[in-house]
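Asks: 3D, please:
(2 chains)
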Amino acid sequence: MISRNLIALACTTLLLSACAPQDKQTITLSGSSTIAPLMVEIGKRFETQHPDVRVDVQAGGTSRGIQDARSGLAAIGMASRSLHADERDLVPYTIAQDGIAMIVHASNPLDGISSEQVVALYTGKLSDWSDLGGAAGQVVKVHKAEGHSTLELFLQHFGLDNAEVHPDLVIGDNQQGIKSVAGNPLAIGYVSIGSAEYEVKLGAPIKLLALDGQAASTAALLAGQYPLSRELNLVVNGEPDANTRALLAFAQSSEVADLVDQHAFIPAL
Amino acid sequence: MNRREAWRARALGLLALVLMLAPLSLLWTVFGDGIGVLDWQFLLAEPEQAGRSGGIGPIIVSTALVLLICMSLAVPLGLGTALFLVEQVRPEGRLNLTLQWALDGLGAVPSVVFGLFGYRLFVVELGWGYSLLAGGCTLACMVLPLFIRGCEQALRDCPQSYRQAAASLAISRVGYLRRILLPFAAPGIAAALVLSAGRALAETAVLLFTAGYVMRWPESLFDSGRTLAVHIYDLAMNVSGGSPASAATALVLLGFALVIQLLAWQIGKRPLSFAR
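Replies: I've put the predicted structure just below:
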């Protein structure tokens, strides 16, 4: 009998709470899982300044962000790349930049690599470190799994087709890529510059290679010199309302630069 | 011959030990990474810095709510369907075959497909948005085939002689169901419940599509809320420096699963002794 009462009580509470009036405006964001953790933090800070607004962030990938922004399910979509030609119906607001660095183990004598060498390595035309001027040893190529925007950018930049790449190791995310290279003196891989610098600071034995003579660093990326980079965008469909406009401006402002930095991206100011 | 059997037993024992090592090493890694972060504060506090610091309080609440919605839909519907299949439908009839076929088909559908279905139906068409309610309903759809199958098996295990004895004593149908069949099947139903709850707890993709990603304390069932599995996934995959908090969350999820297991064990034990 007691349990029955409890159940009744629980149901009533749930119903009541479900019917509770919502006097706050909710701004929903959805899209790229690279941007989502950052936008959660930006949203939190925005909420403290605008108590009448709630910022709900949903992850799920760039394509979903674009789809949700179009359908109106989300007020703002998140896209971790610049918009394609057929997506020009949406308006992008760049909040940060991210680059991809080629990384090797810290004990590797190499300091830089050229685009031709990367292509030759990943297509299997070169396979030994001595071909690149390093110590002899079979190169272990770390590659990203299908569906990651890092992979898309890597292939696009080097003009590669994923079918012609013969990797030794296929990994999922940045953290895993860094761990695989840190644990193998013969490995080469590519990860987000921000994450790589962050891990180097924490003491991971990896080295960021200069690409075509350009040092891979957040500073070079900021100066626009590093070639392999992408934009992190917020996209909206049509004219946003006042609070959404305020959030877009806030996400691009210097007030959140420390958050962007914390997430190992470069603020786009 | 005897000797050979002894060898075989030893080899199998060794194999079992090796197999035990896999889950043990998994536990070891998760414990090693996560135990340093885990304390009361972690269980109660809100996440900070995208989950790298702070706690998982709102996430535990969201998980519990989603599971509650899922189970309070799946249990009555699933048990009802199983009773209907066992009691009302002729085993060799076309209806039974069709239903079994549909159940098996649905059971084999990858969970992501249920996620897309839930996203389309609950989130978009019904206009609930990303919400705990949408997540719970989608999970209920996902675990229903599994739960129905489990219940059905448990109910069919009840010997035919019980039914005949009940009939000869002129016990009503409802009386037979409540006093004999259900208590007899309770352990099996509890096992089905645990399996379903476990599957629901482990689900990530489905909830990312439906319940969503928000880490705030849920205020209503129409709020979006992130579950433990989604939190673990996000910390491990998208947040640099998130692994310790991710491992600690995994420990909490393990604890949750253990508690459900114990609960089901208790439920499964009691009515059986009562029936005897």
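Asks: Now do the buried residues in the helix or strand where A:Leu248 lies.
Replies: For A:Leu248, the enclosing helix or strand under DSSP states H and E is helix A:242-252. Going by neighbour count (16 or more other Cβ atoms under 10 Å in any protein chain shown), the buried part of helix A:242-252 is A:243-244, A:246-248, A:250-252. Any C-beta I mention is one placed from the backbone N, CA and C, and that applies to glycine too.
Asks: Break down the stretch 1-150 of chain B into its strands, ranges please.
Replies: Ranges of strands within the stretch 1-150 of chain B are B:47-48, B:53-54, based on DSSP state E, counting those that start in this stretch.
Asks: Format those strands as CSV; extra columns: distance to chain A, mean pLDDT and mean neighbour count.
Replies: Shown next, in CSV, are the strands of the stretch 1-150 of chain B (distance: least, Cβ to the nearest Cβ, whole Å; pLDDT from 0 to 100; neighbours: other Cβ atoms under 10 Å in any protein chain shown):
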stretch, distance to chain A, mean pLDDT, mean neighbour count
strand B:47-48, 9, 86, 19
strand B:53-54, 11, 86, 16
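Asks: I'd like those strands as a markdown table, with distance to B:Leu126 appended.
Replies: Shown next, in a markdown table, are those (distance: least, Cβ to Cβ, whole Å):
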| stretch | distance to B:Leu126 |
| --- | --- |
| strand B:47-48 | 29 |
| strand B:53-54 | 33 |
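Asks: how would you label the nearest residue to A:Arg45 once chain neighbours are set aside: helix, strand or coil?
Replies: Nearest residue to A:Arg45 in three dimensions, chain neighbours excluded: A:Val256, at 6.5 Å (Cβ to Cβ, 6 or more residues apart in numbering or on different chains). Following DSSP: H, G, I helix; E, B strand; the rest coil, we place A:Val256 in the helix state.
Asks: cool, and A:Ile100?
Replies: Recorded secondary structure, A:Ile100: strand (three-state DSSP).
Asks: Run through the residues that contact it.
Replies: A:150, A:153-154, A:157, A:190-193, A:228-230 (Cβ atoms under 8 Å, 6 or more residues apart in numbering or on different chains).
Asks: just to confirm, which helix or strand has residue 153 in it?
Replies: Looking at chain A here, since you left the chain open. helix A:149-158.
Asks: wrong chain, I was asking about chain B
Replies: Using DSSP H and E, B:Gln153 maps to helix B:132-156.
Asks: what does the helix or strand that that helix is followed by contact?
Replies: Remark: after helix B:132-156, the chain's next helix or strand is helix B:160-168, criterion DSSP H and E. The contact list for helix B:160-168, computed with Cβ under 8 Å, 6+ apart, reads B:175-176, B:180-181, B:184.
Asks: Can you list the buried residues in helix B:160-168?
Replies: B:163, B:166.
Asks: How about stretch B:211-231?
Replies: Within stretch B:211-231, the residues scored as buried using 16+ other Cβ under 10 Å are B:211-216, B:218, B:220-231.
Asks: what about it and chain A, touching?
Replies: Yes: contact of stretch B:211-231 with chain A (Cβ under 8 Å from any Cβ of the partner chain) involves B:212-216, B:219-222, B:224.
Asks: I'd like the average pLDDT over the helix holding A:Leu248.
Replies: Averaged across helix A:242-252, pLDDT comes to 93.
Asks: so what does that helix touch, helix or strand wise?
Replies: strand A:25-31, helix A:36-49, strand A:53-59, strand A:76-79, strand A:90-105, strand A:229-237 (3 or more Cβ pairs under 8 Å, 6 or more residues apart in numbering or on different chains; DSSP states H and E).
Asks: what does it contact?
Replies: Here helix A:242-252 makes contact (Cβ under 8 Å, 6+ apart) with A:25, A:27, A:39, A:42-43, A:45-46, A:49-50, A:53, A:55, A:75-76, A:93-95, A:234, A:236, A:240, A:256, A:268-269.
Asks: Next, name the residue at the spatial heart of the chain.
Replies: Using chain A here. A:Thr34 (3.2 Å; Cα atoms, centre = their mean).
Asks: Switch to chain B, please.
Replies: Nearest to the geometric centre of chain B sits B:Ala197, at 1.6 Å (Cα atoms, centre = their mean).
Asks: ok, and the closest non-adjacent residue to that residue?
Replies: In space, and not counting its chain neighbours, B:Ala197 is closest to B:Ile260: 5.1 Å by Cβ to Cβ, 6+ apart.
Asks: again with B:Ser246
Replies: B:Leu235 (3.7 Å).
Asks: Run through the stretch 51-200 of chain A and note the low-pLDDT ranges.
Replies: Within the stretch 51-200 of chain A, the segments meeting pLDDT under 70 span A:147-148.
Asks: swap that for the stretch 151-276 of chain B, sorry
Replies: For the stretch 151-276 of chain B, the stretches with pLDDT under 70 are B:268-276.
Asks: and A:Ala106, what does it touch?
Replies: For A:Ala106, the contact set (Cβ under 8 Å, 6+ apart) comprises A:205-207.
Asks: Please parse chain B into its domains.
Replies: Per automatic domain parsing, the domain ranges recorded for chain B read B:1-34, B:39-275.
Asks: can you redo those domains as CSV with distance to A:Gln117?
Replies: Formatted as CSV, those follow (distance: least, Cβ to Cβ, whole Å):
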stretch, distance to A:Gln117
domain B:1-34, 36
domain B:39-275, 28
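Asks: Give me whichever of those is most buried.
Replies: domain B:39-275 (a mean of 19; mean count of other Cβ atoms under 10 Å in any protein chain shown).
Asks: rewinding a little: pretty sure the residue nearest to B:Ser246 is touching B:Gly242, no?
Replies: Yes: counting by Cβ atoms under 8 Å, B:Leu235 touches B:Gly242, with 3.5 Å between them.
Asks: quick one on the thing from earlier: OK, contacts around the residue nearest to the centre of chain B?
Replies: So B:Ala197 contacts B:67, B:71, B:143, B:260, B:264 (Cβ under 8 Å, 6+ apart).
Asks: tell me the contacts of the residue in chain B positioned nearest to chain A?
Replies: At 3.7 Å from chain A, B:Ala50 is the closest residue in chain B, using Cβ to the nearest Cβ. Contact analysis of B:Ala50 by Cβ under 8 Å, 6+ apart lists A:37-38, A:40-41, A:263, B:239, B:242.
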